[in-house]
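A.B. asks: output the structure for:
(chains A and B)
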Amino acid sequence: MTAKTAVAIASLALTVGASSCLRFYDIGIETPIQAKLDVSAFQRVLILGFLAGGSKDVDPNTETVRLLRSQLRTKSDLKVVDSDVLSLVDEVDRRRRAAGEVPVTDPAAAPQASDEPKIMNERDLQEYEAIFADVDYWKRVGEEYQAPLIITGSVLFTDVQRSGMVTRSQETLDQYGRRAVTDVRRYEDRKGYALVPKFIFIDGRTGVQLYSESFREETLYSASNNTPPLSSYFELMDRLLPGFLSTLSTQKVKGTRTLLR
Amino acid sequence: MANSSTLFSRKVAFASVLALALALLSTAPVSADRRADARSQVDFGIELAQKGLWKEAEFRWEKAVELDPTYGSAWNNLGIAYEQQGKFAEAKKAYDKAMAIDPKNNFIRQNYDMFMEIYDRQNRRRNS
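C.D. replies: Model prediction:
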């Protein structure tokens, strides 16, 4: 028997011995995290519309309604009610006119470009937010759609511009041709978008607010970068969707644990 | 008189020794057997868990801790099974037991810390 054979046999024996004496086993687990809201009383969910504004390049109301409906269709047990997307901004103005009051955004008082959103910032939004506390209105909506869980709220998608020092990694070659990466700080103009949604969950049977949750996400690019606003909108929504979905459905957290003998 | 007293003392001493012997007989060998049984339950539970049969694994590890309540590894595994099934209160109790029995075991500590992170998050959500 050569030395090589002896070493091979010894290592095999050691491997077999070690595996039979193994006292711990790593195992993947998925821990279920309960939904924030108990929606067991509802079979249907209605996403009617949002108070939306900010950038004129994207219609945050329509995009948010579409996106949330498609997400809930695949990631929730609730049946998503199909309906036309309602502009809550127009609804508030219409109701004010009907009540003989001046609409929040009176075209006669402040003429606006036709494509300019009526809500530009959070201050504008406050003028409309009283609709969420109108229990009778939401109860009527609930009755119309057979008492579903109603999801509404506000979505602001605004342009952001910032200037400041930015740190970037830069690759350099020294005199011997060796590569090195160094952090370089420089002043830069940056632009991007901020997405500030507030999701409100209303009981369609009573019109009462059950729960609300606010998010804020922002993305910035170099001023020379021409990222389409709609791409940025979806990028930002992607970040906050898990938080939204965890309100309604159980989420699973993947992890590894060690089983012991 | 003295004789009857001595006889009584002897009887008492004999009864005590007998009781002690019986107690030792009833615990020592059974304890070893129970420990061995608990160990085989733990091993079987591990096989089941590796196949994704967590409910069955949980049953095996519950048996194991019933047979030997001082078996830290069984409590640890039971904690994992409960956690996987979203039984947070039970998992916490099982991990706490494992930690109390074997506080220096790094594997148990690591499992416990990772579980507590999720446990605290879940509690924060419930309270918000």
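A.B. asks: okay, residue 95: pLDDT?
C.D. replies: Chain wasn't specified; assuming chain A. A:Arg95 is assigned 86 on the pLDDT scale.
A.B. asks: that answer is for a different chain, and I need it for chain B
C.D. replies: 97.
A.B. asks: please name the residues that touch the closest residue to A:Ser76 other than its chain neighbours.
C.D. replies: In space, and not counting its chain neighbours, A:Ser76 is closest to A:Ser249: 4.8 Å by C-beta to C-beta, 6 or more residues apart in numbering or on different chains. Heads up, the C-betas are built off the backbone N, CA and C, glycines and all. Contacts for A:Ser249 (C-beta atoms under 8 Å, 6 or more residues apart in numbering or on different chains) come out as A:Ala35, A:Lys75, A:Ser76, A:Asp77.
A.B. asks: determine which two of those residues are furthest apart.
C.D. replies: Taking C-beta to C-beta as the measure, the contacts of A:Ser249 span a maximum distance of 11.3 Å, between A:Ala35 and A:Lys75.
A.B. asks: now the helices for chain B?
C.D. replies: Remark: helices assigned in chain B by DSSP state H are B:2-50, B:54-67, B:72-84, B:88-101, B:106-127.
A.B. asks: mean neighbour count and distance to chain A added to those helices, as CSV?
C.D. replies: Listed next are the helices of chain B as CSV, based on neighbours: other C-beta atoms under 10 Å in any protein chain shown; distance: least, C-beta to the nearest C-beta, whole Å:
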stretch, mean neighbour count, distance to chain A
helix B:2-50, 13, 5
helix B:54-67, 21, 8
helix B:72-84, 27, 4
helix B:88-101, 19, 9
helix B:106-127, 15, 4
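A.B. asks: among the ones you listed, which comes closest to A:Val89?
C.D. replies: Nearest of the helices of chain B to A:Val89, taken as C-beta to C-beta: helix B:106-127 at 31.7 Å.
A.B. asks: so which elements touch the closest one?
C.D. replies: Contact here means 3 or more C-beta pairs under 8 Å, 6 or more residues apart in numbering or on different chains; DSSP states H and E; on that basis helix B:106-127 packs against strand A:24-33, strand A:251-260, helix B:72-84, helix B:88-101.
A.B. asks: next, the angle strand A:24-33 makes with the third one.
C.D. replies: Using axes from the mean of the first three to the mean of the last three C-alpha atoms, to 10 degrees, the direction of helix B:72-84 lies 30 degrees away from that of strand A:24-33.
A.B. asks: can I get the helices of chain B in a markdown table with distance to A:Pro60?
C.D. replies: As requested, the helices of chain B are arranged in a markdown table below (distance: least, C-beta to C-beta, whole Å):
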| stretch | distance to A:Pro60 |
| --- | --- |
| helix B:2-50 | 46 |
| helix B:54-67 | 43 |
| helix B:72-84 | 39 |
| helix B:88-101 | 37 |
| helix B:106-127 | 27 |
